[in-house]
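**Q** here is my input, please return the structure:
(2 chains)
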Number of protein chains: 2
Amino acid sequence: MAKENAQNFVEQIADIDVDFPKWYTDVVIKTQLVDYGPVRGTMVIRPYGYAIWENIQKELDKRFKATGHKNAYFPLLIPMSFFTKEAEHVEGFAPEVAVVTHAGGEELAEPLAIRPTSETIIGNMYSKWLQSYRDLPILINQWANVMRWEKTTRPFLRTSEFLWQEGHTVHATEEEAMEETLKMLGVYKEFAENCLAIPVLTGRKTEKEKFAGAVATFGMEAMMKDGKSLQAGTSHYLGQNFAKAFDIKFLDKDGSQKLGYTTSWGVSTRLIGALIMAHGDKRGLVLPPVIAPVQAVIVPIAAKKGGVMEACADIRAKLEQAGMRVELDDSDNSPGWKFNEWEMRGVPVRIEVGPRDLENGKVVLFRRDTCTKDFYALDDVVAEVSALLKTVQKDMLESARVRRDERITDADDMAGILSAVDGGKFVRAGWCGCRECEDAIKAETAASARIMTEESTHEKCAVCGKPSKHTVIFARAY
Amino acid sequence: MAKENAQNFVEQIADIDVDFPKWYTDVVIKTQLVDYGPVRGTMVIRPYGYAIWENIQKELDKRFKATGHKNAYFPLLIPMSFFTKEAEHVEGFAPEVAVVTHAGGEELAEPLAIRPTSETIIGNMYSKWLQSYRDLPILINQWANVMRWEKTTRPFLRTSEFLWQEGHTVHATEEEAMEETLKMLGVYKEFAENCLAIPVLTGRKTEKEKFAGAVATFGMEAMMKDGKSLQAGTSHYLGQNFAKAFDIKFLDKDGSQKLGYTTSWGVSTRLIGALIMAHGDKRGLVLPPVIAPVQAVIVPIAAKKGGVMEACADIRAKLEQAGMRVELDDSDNSPGWKFNEWEMRGVPVRIEVGPRDLENGKVVLFRRDTCTKDFYALDDVVAEVSALLKTVQKDMLESARVRRDERITDADDMAGILSAVDGGKFVRAGWCGCRECEDAIKAETAASARIMTEESTHEKCAVCGKPSKHTVIFARAY
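**A** Below is the predicted model of the structure:
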């Protein structure tokens, strides 16, 4: 929409190397991924942005179902009293809650929270449904909107309302619940890498950074182009915390009543922010083919010349037939304008069809990730575009991985951590495990503990010099 | 879940002919479609119910996209002041609104409504996005939760929160907007008949029954087994009402600013209630194959006999391969128990696999709609089941149509209307067009005007005897 007002799209985007935050805002607004809603901190996800979310949903939902999960839907409104049943949980979420006090023209007897997350209300239902060990495991996921009232907001990254999925499971044993927690972390990682083309670091979070009410939180962290980290998904082992709070118990084989072990795990529309900041460049978005709403755009050159539009329509039909998502830009704009626009919108492959090339049985394929182009045989266009999309997908992951790995460094002291994060890097450092040292790093460098690595690579805590308990990835984060 | 507690499922369902409302409640709860949420008037859509909604979504979404619509997502919370901008709209919806007054630990400057429908907030955004005639039409749909605080609630039929889709479009002319309104009504009708196997009556609603803020509402009405009507979907021609209220205007070709014409249209999780009450019988649910979460269930007979379980697994693999949704019930329950359970859950086709039949190269296929069974060649099982699913789908629509048509009658006066609706029928009658006569029918018979028919079949108003302006279908309704 409103294309005619956008003759100079590209010039309107701030320079990514000069003002990354402004570049981000320019890109999300100008590519019509999103707009600001009328209420402070809310966003409207526009069709181009929502199509990305639909592709994310399709890919994830397939994986959830393949691992035995079913979808359900639980109510938006949660009695405030539910939150107080799990002490850490209420402390973490109560300050961010939006509260319904009136409905149907009357004041409510008990105020209701708009869900910031659904452990409590789902726990309440599970306690009702769960009877016997035969009912276990319970493996349910929900696609829903949630609300967390935030002071500072940015489209996709932090908004008062966002869309997400939240899996909630119950298991008979600690081992099974932990296995589920890690399995879903693995599903997220595989999805992030193979669909979003974003390499992620996964690992356990520190106590300070864990989910309010969890025994252990595992997260996946993605590096953005400015070297900051974005928490792209989390999987929580909740132990018996919520089972105790909501009386989630079952009659076991041995005839005794036992508490279940629960997990929860989620990713949100934040992933769209991750896509933008992990891959975008000075021209705008760069979308991986698996997730791109439009995988290939056909741009006619000298469209009025005989045969050009017919060839374009024919290519579109063939690509669609082969299952690709294709646009043919037959608007009145100039080819140059179209190139800029579709590059800004991050379409992975552009097919340029001109009269001279057609005579030679050729088309030009431009790939957005490398901004390079080459000639291909018109007769093989379906196979060539299909192959190129696969190549782009693979190469985007690979180059993101190289970019990231170059920007992970090590430090042995606070100065090292500060200089690393000032330089836009992730930094690996030893940590004694105490909250004071973690807080000190945050206070002095604005970096937080993103994950604890599996391997121990540092002997001493970078702050106090005592023996290191965990090797931690520190970074500034969204 | 909790299967072991349900040895006598069927006996637990109230008799459909004796107590239809109790039968409905028993069926929705015992087949685990839904459960009551902790807040009055809310529901939890359980996996079996949600799988029906997913199939409804898939079928509708395909049709919306084929007619040029794209999905987007607009905020849940709407400033209360937005509602007052359209006079009829606020009158219709303000009494049912749930209101957020506090968030993030503070009282809000302006209270926010949880959307009961999104014309206002979407209108606000469209006024921002719409610039020129080139941007038209705007064709957007949203899948979302909405909230209407209702006094009396029943799962799927009327709950404070429900899931739905709402299409919102803007057009340059009255004609195009009306064309869209009727096109989407047609999409709903085709979907209801071919996917839900529910024949529907479509037509314009009276002023009394129209959407608050519409110029004209068109509805589709489905007959339930008790002879009552259920409004299964509506499509609204909004004229310039919301365009005026929200300043939705564009620069036309002739250089002048013009107001757009808008439409909105929606169906909700109510459709699940329609499915249950249009097709269910004394054994429980009867689901049409296109929408059924499980299309065929395989029940082994004498499962421990050699070859039976292998044959069952083989049939499952082949049917899944062919794209069917299949369950193999390998639980320890008896075949008779399994028959009852899967019949109650409405699975369209049951495949019984026993050792003697296997020796003869046969299986038994039971069809849920007619509760009849027959032998089929094991070798042809994929083709036979596939064909039978198509037959069941077709026959369910046809028998619902016969059932309905037998129960539409005509009346010339109030006594005739009363006796028809007392007899569980829809009644066609003449109406002068005045609100008093419509109100009198409601007061004396509890029937409301469902739709105005295209054809005029009655000369006089059934109430006042004056010339009939519209022939109307009256019925008691959900």
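**Q** going by C-alpha atoms from here, please, whenever you check contacts or count neighbours.
**A** Fine.
**Q** grab the nearest non-local neighbour of the spatially most central residue of chain A.
**A** Central residue of chain A (C-alpha atoms, centre = their mean): A:Leu271, 1.8 Å from the mean position. Distances taken as C-alpha to C-alpha, 6 or more residues apart in numbering or on different chains place A:Ala232 nearest to A:Leu271, at 6.0 Å, with adjacent residues excluded.
**Q** my guess is that neighbour contacts A:Met224. True?
**A** No: A:Ala232 is beyond contact range of A:Met224, at 10.9 Å (criterion: C-alpha atoms under 8 Å).
**Q** I'd like the average pLDDT over whichever helix in chain A runs longest.
**A** Among the segments of chain A that qualify as a helix by DSSP state H, the longest is helix A:381-406. Across helix A:381-406, pLDDT averages out at 98.
**Q** distance from the helix or strand following that helix to the middle of the chain?
**A** Next helix or strand after helix A:381-406 toward the C-terminus (DSSP states H and E): strand A:408-410. Centroid displacement of strand A:408-410 relative to its chain, using C-alpha atoms, centre = their mean, to the nearest Å, is 24 Å.
**Q** go on, stretch A:324-341?
**A** 28 Å.
**Q** how near is the residue nearest to A:Tyr73 when sequence neighbours are not counted to A:His102?
**A** Sequence neighbours aside, B:Ile45 is the residue nearest to A:Tyr73 in space, at 5.0 Å (criterion: C-alpha to C-alpha, 6+ apart). From B:Ile45 across to A:His102, the span is 25 Å (C-alpha to C-alpha, to the nearest Å).
**Q** quick one: low-confidence residue ranges for chain A.
**A** A:1-11 (pLDDT under 70).
**Q** helix/strand/coil for the nearest residue to A:Ala51 once chain neighbours are set aside?
**A** Among residues not flanking A:Ala51 along the chain, A:Pro293 sits closest, at 5.6 Å (C-alpha to C-alpha, 6+ apart). Here A:Pro293 is recorded as coil under DSSP: H, G, I helix; E, B strand; the rest coil.
**Q** what backbone torsions are found at A:Pro293?
**A** phi -60, psi -40 (degrees, to the nearest 10).
**Q** touching, it and A:Trp342? I think so.
**A** No: the pair A:Pro293 / A:Trp342 is not scored as a contact, 11.8 Å apart, by C-alpha under 8 Å.
**Q** now the helices for the stretch 1-150 of chain A?
**A** A:20-30, A:47-66, A:80-83, A:87-93, A:119-129 (DSSP state H, counting those that start in this stretch).
**Q** out of the ones you listed, nearest to A:Pro335?
**A** Closest approach to A:Pro335 among those is made by helix A:20-30 (19.3 Å; C-alpha to C-alpha).
**Q** name the helices or strands packed onto the closest one?
**A** For helix A:20-30, the packing partners by 3 or more C-alpha pairs under 8 Å, 6 or more residues apart in numbering or on different chains; DSSP states H and E come out as strand A:34-36.
**Q** tell me what the host helix or strand of A:Ala429 is packed against?
**A** In this assignment (DSSP H and E), A:Ala429 forms part of strand A:426-431. Contact analysis of strand A:426-431 by 3+ C-alpha pairs under 8 Å, 6+ apart lists strand A:408-410, helix A:414-422, strand A:470-475 as its packing neighbours.
**Q** between the ones you listed, which gets nearest to B:Phe211?
**A** Nearest to B:Phe211, of the helices and strands packed on strand A:426-431 and by C-alpha to C-alpha, is strand A:470-475 at 53.1 Å.
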